[in-house]
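*Asks:* Would you be able to build a 3D model of this:
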Amino acid sequence: MTFDANRPVAVVTGASSGIGRSTARKLMERGWQVLGVGRDPRRCAEAERELAAVGGGFAMLRGDFTLMAEVKRVADAIGGRIPRLDVLINNAGGVRDRRIVTAEGTEATFAANHLAPFLLTRELLPALRTSAAALPPGSARVIAVSSSAHRISKGLRWDDLQSLRRFHTAAAYGQAKLANILFTRELARRTAPDRITAHAMHPGKVATNFASHGDAAMREHMAAADTVPPDEPAETLVWLATDPEGGRDGGRYFHGKAEENPSEAARDDAAAARLWTETERLLAELGF
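*Replies:* Numbering: from 1, shown residues only. Predicted coordinates for the structure are as follows:
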């Protein structure tokens with residue numbers, strides 16, 4: 001499809017199902033154009049059929065975000081298809097039941113939940129800056145889907161940032177979700193002069209396939225949890241993408257359209273700056 005330069009555009013990762021698909025639909029119902037990213041071919045095709053019927057403009061790209069080569073390929077494809085980018089929603093992520101080392105030598109949980117959104121955001125910043133320069137301050141936004149699981153981690157383990165040596169499902173996921181918030185804080189600081197706003201949010205315990213690749217304890221926890229439908233966190237994401245509140249005072253953390261204090265470790269600005277540097281170093285070692 002051809003995107004209209006006169007209408008707002010959002011990129012939503014993890015748009016093939018769950019929160020991402022619901023968010024894409026709700027944005028389109030508001031007149032937005034959406035470029036979705038997903039991994040599973042069948043779910044991507046289903047999402048494209050469903051959302052194309054909404055009207056207004058939707059296209060889907062496929063990519064495995066455990067691999068940075070795939071993230072870079074997707075970022076390049078996005079840049080070639082959209083005339084502007086108003087909002088980037090980094091929703092894709094997940095949890096694994098064991099340590100999985102990717103073909104690039106990274107740990108899959110950390111790669112998909114932190115390295116991928118970091119690299120995608122970095123590659124799409126020129127498009128976000130273009131929109132930001134032409135729109136009122138705070139119109140261009142980056143939103144990270146984090147989790148209350150960030151509270152599991154009392155601080156990033158700098159000697160084993162990717163949990164390559166000591167892996168536990170919940171601990172690795174908590175570390176990655178803490179990284180989401182710290183990345184958002186540093187991104188907000190760095191892009192404030194460009195009039196780009198960044199926030200993070202906790203979606204709650206959502207009735208999706210999130211825990212399907214987790215360990216038995218994670219699956220049991222989610223099965224017993226009082227879950228909410230994907231539409232509920234999607235409402236918060238759309239609110240953060242479109243409401244004036246989402247365009248001011250970057251670096252905040254939300255749940256259910258209300259600001260919350262993340263953990264003390266997630267408010268450590270020195271750790272946020274160090275994480276940015278360490279992430280750039282890791283990506284450089286991978287050739288990105």
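
*Asks:* which SSE is T197 in?
*Replies:* strand 196-201 (DSSP states H and E).

*Asks:* Please, which helix or strand holds A10?
*Replies:* Going by DSSP H and E, A10 is in strand 9-13.

*Asks:* ok, now A116?
*Replies:* helix 116-134.

*Asks:* can you give me the angle that helix makes with strand 196-201?
*Replies:* Going by axes from the mean of the first three to the mean of the last three CA atoms, to 10 degrees, helix 116-134 is angled at 140 degrees with respect to strand 196-201.

*Asks:* residues near the closest residue to A170 other than its chain neighbours, how many?
*Replies:* Among residues not flanking A170 along the chain, I152 sits closest, at 5.9 Å (CB to CB, 6 or more residues apart in numbering). (Each C-beta comes from the backbone N, C-alpha and C, glycine too.) When neighbours are defined as other CB atoms under 10 Å, I152 has 17 of them.

*Asks:* D97 versus I152, what's the distance?
*Replies:* Using CB to CB, to the nearest Å, one obtains 16 Å as the distance from I152 to D97.

*Asks:* Then V9?
*Replies:* 36 Å.

*Asks:* Neighbour count for those two, which is higher?
*Replies:* Per other CB under 10 Å, whichever of V9 and D97 has more neighbours is V9, with 24 against 15.

*Asks:* Show me what the more buried one is bridged to.
*Replies:* Beta-bridge partners for V9, by DSSP bridges, are Q33.

*Asks:* Going along the chain, name the helices of the stretch 101-250 of the chain.
*Replies:* 108-110, 116-134, 169-191, 216-224, 231-242 (DSSP state H, counting those that start in this stretch).

*Asks:* Rebuild the ones you listed as CSV, extending it with mean neighbour count, distance to R42 and mean pLDDT.
*Replies:* Converted to CSV, these look like this (neighbours: other CB atoms under 10 Å; distance: least, CB to CB, whole Å; pLDDT from 0 to 100):
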stretch, mean neighbour count, distance to R42, mean pLDDT
helix 108-110, 24, 21, 96
helix 116-134, 20, 21, 97
helix 169-191, 24, 25, 97
helix 216-224, 13, 21, 51
helix 231-242, 21, 21, 97
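
*Asks:* So which of the ones you listed is nearest N261?
*Replies:* helix 169-191 (10.9 Å; CB to CB).

*Asks:* Could you tell me the angle between that closest one and strand 196-201?
*Replies:* 160 degrees.

*Asks:* centre of the chain versus helix 169-191, how much separation?
*Replies:* With CA atoms, centre = their mean, to the nearest Å as the basis, helix 169-191 stands 10 Å off its chain's centre.

*Asks:* Just the CA atoms of that helix, as CSV, please.
*Replies:* Output of helix 169-191 as CSV, limited to C-alpha atoms (Å, rounded to 0.1, in the frame of the first residue of the first chain):
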residue,chain,number,x,y,z
THR,A,169,13.6,-17.3,33.1
ALA,A,170,12.0,-14.7,35.4
ALA,A,171,15.3,-13.0,36.2
ALA,A,172,16.3,-12.6,32.6
TYR,A,173,12.9,-11.2,31.7
GLY,A,174,12.9,-8.8,34.6
GLN,A,175,16.4,-7.6,33.6
ALA,A,176,15.2,-7.0,30.0
LYS,A,177,12.1,-5.1,31.2
LEU,A,178,14.2,-3.0,33.5
ALA,A,179,16.4,-2.2,30.5
ASN,A,180,13.2,-1.0,28.6
ILE,A,181,12.6,1.7,31.2
LEU,A,182,16.2,2.8,31.5
PHE,A,183,16.5,3.0,27.7
THR,A,184,13.3,5.1,27.6
ARG,A,185,14.7,7.5,30.2
GLU,A,186,17.9,8.0,28.4
LEU,A,187,16.1,8.2,25.0
ALA,A,188,13.8,10.9,26.4
ARG,A,189,16.8,12.9,27.6
ARG,A,190,18.7,12.6,24.3
THR,A,191,15.8,13.4,22.0
